[in-house]
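# test case, fold it:
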Amino acid sequence: MSGAAAARREPDQFVVDLAAEAPWLVRLAARLVRDHSEAEDLVQDVLATAWRRRGQLRDPAALRGWLRRMLVNRVVDRSRRHSPPLLDFADVEADWRDDDFTVDPVRVLERAELRDELEDALVRLPAIYRVAVVLHDALGWTGAEVAQAMGIGLPAAKQRIRRGRMTLVNALAADDARRRASLAQPMRCWRARRLVSAYLDKELEVAARESVEAHLAACPTCPPLYASLVGVRAALGGMRDSDSVVEGETAARILARLTTASSP
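Next comes the predicted model:
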């Protein structure tokens, strides 16, 4: 049966399906944007668009992925239009390429453990990196799920996660003085720092993993960066269940508005 035919036959069922997905969608939106009222507006827009385009959905089982991708696209678009001054990853990469660059992990983790500080740092990331790292590290999505939601390939998703983590550490350590204590290492710092995100996710082959571990054991500047990545990822993970938002009530309010608006 075509999507259009299904839409004509089962509009009531589609509303039921949207209602079932709405609380989860509100929860996701609240994690991706700082303002809860704006998250509510985003979800309302997504659900209204989904209703208008319901004939395009040929497989009911794909509804969640369809809504998820629609929401992620809107968050990224909104951030590009309304974001405050952002950290430029070219500058971040230049820092991490410098063997003398490091941070104070105690200060970084102290800030990461404060919700306001962490969110202020997150909002300074370019949207494509912020969304990727929040979905992966804060919400526990796999790289493949991030890639699907953002409409990109898995390698690109992993790159965005890596860049998001690095940029977030820089944001949290923005006023740290650089330290000049790096020694010559068999593995150059930049190569180790490019691999450390994959090392953190246990994705490296044995030889590469051992090289990173050897570098971390001997290098004076990379361990604080690695410790900061580990701590910031853990802090992001702590955001998963910390909000007190009643997603069901918010979703019901959105659906009520949509029902009223679509009534004859």
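
# and for Arg188, nearest residue in space, chain neighbours not counted?
Closest residue to Arg188 apart from its sequence neighbours, by Cβ to Cβ, 6 or more residues apart in numbering: Asp99 at 6.9 Å. Just so you know, the C-beta spots here come from the backbone N, C-alpha and C atoms, and that holds for glycine as well.

# measure the one you found to Tyr226 for me?
14 Å (Cβ to Cβ, to the nearest Å).

# please apply the same query to Asp137.
Taking Cβ to Cβ, one finds Asp137 at 15 Å from Tyr226.

# which one of these two has more residues nearby?
Shown here are Asp137 and Tyr226; by other Cβ atoms under 10 Å, Asp137 has more neighbours (24 against 21).

# correct me, but that one touches Arg233?
Yes: counting by Cβ atoms under 8 Å, Asp137 does reach Arg233; the two are 4.7 Å apart.

# identify the contacts common to those two.
Residues within reach of Asp137 and of Arg233 at once, by Cβ atoms under 8 Å, 6 or more residues apart in numbering, are Arg165.

# tell me the SS of the residue nearest to Arg188?
At Asp99, secondary structure determined by DSSP: H, G, I helix; E, B strand; the rest coil is coil.

# next, the buried residues of the host helix or strand of Val26.
Secondary structure from DSSP states H and E places Val26 in helix 11-32. Neighbour-count burial for helix 11-32 flags 14-15, 17-19, 21-32 (criterion: 16 or more other Cβ atoms under 10 Å).

# before we move on, what about stretch 71-90?
Leu71, Val72, Arg74, Val75, Val76, Arg78, Ser79, Leu86, Leu87, Phe89.

# the residue nearest to Arg188 touches Thr221, doesn't it?
Yes: in this structure, Asp99 is within contact of Thr221 by Cβ under 8 Å, at 6.7 Å.

# how close does Val15 get to Ala50?
10 Å.

# swap in Thr250?
In terms of Cβ to Cβ, Thr250 sits 17 Å off from Ala50.

# got a list of what the closest residue to Ala112 other than its chain neighbours touches?
Of all residues not flanking Ala112 in the chain, Ala235 sits nearest, at 4.0 Å (Cβ to Cβ, 6+ apart). Contact analysis of Ala235 by Cβ under 8 Å, 6+ apart lists Leu109, Ala112, Glu113, Leu118.

# which one of those residues has the most neighbours?
If you rank the contacts of Ala235 by neighbour count (other Cβ under 10 Å), Ala112 sits at the top with 24 neighbours.

# contacting residues for that residue?
Leu118, Ala121, Leu172, Ser228, Gly231, Val232, Ala235.

# switch to 7 Å and redo it
Leu118, Leu172, Gly231, Val232, Ala235 (Cβ atoms under 7 Å, 6 or more residues apart in numbering).

# secondary structure element for the closest residue in space to Ile128 that isn't next to it in sequence?
With sequence-adjacent residues excluded and distances taken as Cβ to Cβ, 6+ apart, Ile128 is closest to Arg160, at 5.7 Å. Using DSSP H and E, Arg160 maps to helix 154-172.

# and what of Glu210?
Going by DSSP H and E, Glu210 is part of helix 206-218.

# and that helix, what does it pack against?
In terms of contacts (3 or more Cβ pairs under 7 Å, 6 or more residues apart in numbering; DSSP states H and E), helix 206-218 is packed against helix 189-200, helix 222-237.

# between the ones you listed, which one is nearest to His36?
The minimum distance between His36 and those falls on helix 222-237, with 18.7 Å, by Cβ to Cβ.

# in the closest one, which residues are buried?
Cys222, Pro224, Leu225, Tyr226, Ala227, Ser228, Leu229, Gly231, Val232, Arg233, Ala235, Leu236.

# got TSV for these, with distance to Gly143 and pLDDT too?
Listed next are the buried residues of helix 222-237 as TSV, based on distance: Cβ to Cβ, whole Å; pLDDT from 0 to 100:
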residue	distance to Gly143	pLDDT
Cys222	23	91
Pro224	26	91
Leu225	21	92
Tyr226	20	92
Ala227	23	92
Ser228	21	93
Leu229	16	93
Gly231	21	91
Val232	18	92
Arg233	14	90
Ala235	20	89
Leu236	15	89
